[in-house]
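Trainee: below is the structure, and that's it, no one-letter string:
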């Protein structure tokens, strides 16, 4: 998985037409609420074959940048 795929997963989870960027977060996107956060985590977990579920920091990552950086730090992003 790469950064672009993570941003696409976030966009799909939010059911948003506009492209999600690294600068987007729960503060900048109205659709990013607690339910959407769960959908984002679910999609990422499915994409990583369940590996993301073992990263507790993802639950509090409320921005695309934080999610990407957390996945990178845990070796789940290819580049």
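Mentor: Noted; the coordinates are in hand. Keep in mind the model is a prediction, meaning the values are calculated, not measured.

Trainee: tell me where the chain has helices.
Mentor: 3-13, 34-47, 64-73 (DSSP state H).

Trainee: next, format these as TSV and append mean pLDDT and distance to residue 20.
Mentor: For glycine as for every other residue, the C-beta is placed from the backbone atoms N, C-alpha and C. Compiled in TSV, these are given as follows (pLDDT from 0 to 100; distance: least, Cβ to Cβ, whole Å):
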stretch	mean pLDDT	distance to residue 20
helix 3-13	98	4
helix 34-47	97	10
helix 64-73	98	6
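
Trainee: so how far does stretch 15-22 reach from one end to the other?
Mentor: 17 Å (Cα to Cα, to the nearest Å).

Trainee: going forward, begin numbering at 56 instead of 1
Mentor: Taking 56 as the first residue, the last one we looked at is stretch 70-77.

Trainee: tell me which residues are up against it.
Mentor: Residues outside stretch 70-77 that contact it (Cβ atoms under 8 Å, 6 or more residues apart in numbering) are 58, 62, 63, 65, 66, 69, 84, 86, 119, 120, 123.
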